[in-house]
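# Sequence first, then the predicted structure, then my questions.
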Amino acid sequence: MAASLVALAFAAAPAQAANWSDDSVGVRYVSEQSEPGVSHKVAKDVMNFTHVSGDNLGSNFFTIDLLKSNNVDPSNAGPGGAQEWYGFYKRSFSLSALTGNKGGYGMAKDLSLVARFDAGAKNTTFAPAPRKVRLGVSAAMPVTAGFWDIGVEVMKESNHNGITGKDVSFSSAAVLTSAWSVAMGPGSFTGFFDIVGPKGKDGFNEATKTETLLRALYMVDVAGPKSGFKAGAGIEYWNNKFGCNNATSFVKNSCTATTPVLVVEYHM
């Protein structure tokens, strides 16, 4: 039933004009990220484009990162650092809009059906090319200024293993996810987390582990709230990255890291 509603809403989505939208470009820097199989922490420069919009049925969210590693994470084309891209599109369909119920749902002020598609690629020897589909439900929690969403989803992932030369189709996995941006003092506390359950065996026939990714930032307006410029700092925590077992990885402790993050954005 939920899949049918999602399909119907997707069919109707192109006819919906946006009631509001926000586009931003930004750069961020992480100094100590982990990469499975890489013995040193990796510094990365990241360029980002993000689009968010809302219409009468719900919202759209699209984001893409272009990432450049330092040379401890080498590319397959030479001694320089690897380059990669990763992005996703998420469509949310408000149950309040679909059903006409304006009274909320328990603690949540609204519930949404969520469909998301992720894709990426990286020019390393491993040559990952992840593709993910996520379907689920998200609850909009009542906050006075900003938003806070909590969701439960099911994810199906495929990827490429360039070392074995084979594609991998993972088992379906449960996902607990949240995203927020809440006004706090002169700025806002923003971020997200994803907790992805085990997804079966990886391309080396090793059992995957529960993966946790958290990024939490404090952002402030630069040169006034109407300038469009924002800057901030925070932390990123990634444990059992991509489901890699940090305890048994052939390069120990290469699947987890906590790193500071610096961010500058321009909102158009």
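Good, I have the coordinates. Keep in mind the model is a prediction, meaning the values are calculated, not measured.
# Bridge partners for the nearest residue to residue 20 once chain neighbours are set aside, pull those for me.
In space, residue 20 comes closest to residue 54 once its chain neighbours are excluded; the distance is 5.1 Å by CB to CB, 6 or more residues apart in numbering. Every residue, glycine included, has its C-beta placed from N, CA and C. Here residue 54 shows beta-bridge partners residue 20, residue 59, assigned using DSSP bridges.
# Could you check how far residue 54 is from residue 97?
Counting by CB to CB, to the nearest Å, the separation of residue 54 from residue 97 is 10 Å.
# likewise residue 122?
Computed as CB to CB, the residue 122 to residue 97 distance reads 38 Å.
# what phi and what psi does the backbone show at residue 183?
Torsion angles at residue 183 (phi, psi; degrees, to the nearest 10) stand at phi -60, psi 130.
# you'd agree residue 30 is up against residue 258?
No. With contact defined as CB atoms under 8 Å, residue 30 and residue 258 do not form a contacting pair (10.4 Å).
# who has more neighbours, the two?
residue 30 (22 against 14; other CB atoms under 10 Å).
# what helix or strand is the more buried one on?
Taking DSSP states H and E as the criterion, the element that holds residue 30 is strand 20-33.
# That strand: how far from the chain's middle?
On the basis of CA atoms, centre = their mean, to the nearest Å, strand 20-33 sits 12 Å off its chain's mean C-alpha point.
# List the buried residues for that strand?
By neighbour count on 16 or more other CB atoms under 10 Å, the buried set for strand 20-33 is 24, 26, 28, 30, 33.
# After whatever helix or strand residue 85 lives in, which helix or strand is next?
Counting by DSSP H and E, the element that carries residue 85 is strand 83-94. Elements were assigned by DSSP H and E; along the chain past strand 83-94, the next helix or strand is helix 95-99.
# I'd like to know how many residues surround residue 78.
Here the number of neighbours of residue 78 (other CB under 10 Å) works out to 8.
# What pLDDT is listed against the nearest residue to residue 28 once chain neighbours are set aside?
With sequence-adjacent residues excluded and distances taken as CB to CB, 6+ apart, residue 28 is closest to residue 263, at 4.3 Å. Per-residue confidence (pLDDT) for residue 263: 98.
# In contact with residue 263: list those residues for me.
Residues touching residue 263, when contacts are defined by CB atoms under 8 Å, 6 or more residues apart in numbering, comprise 26-28, 217, 219, 230-234.
# now, the most widely separated pair of the residues you listed?
Largest separation among these by CB to CB: 27 and 234, giving 14.6 Å.
# Phi, psi for the residue lying closest to residue 97 once chain neighbours are set aside please.
Nearest residue to residue 97, sequence neighbours excluded (CB to CB, 6+ apart): residue 57, at 5.3 Å. For residue 57, the backbone dihedrals (degrees, to the nearest 10) come out as phi -100, psi -20.
# go on, residue 241?
The phi/psi pair for residue 241 (degrees, to the nearest 10) reads phi -50, psi 130.
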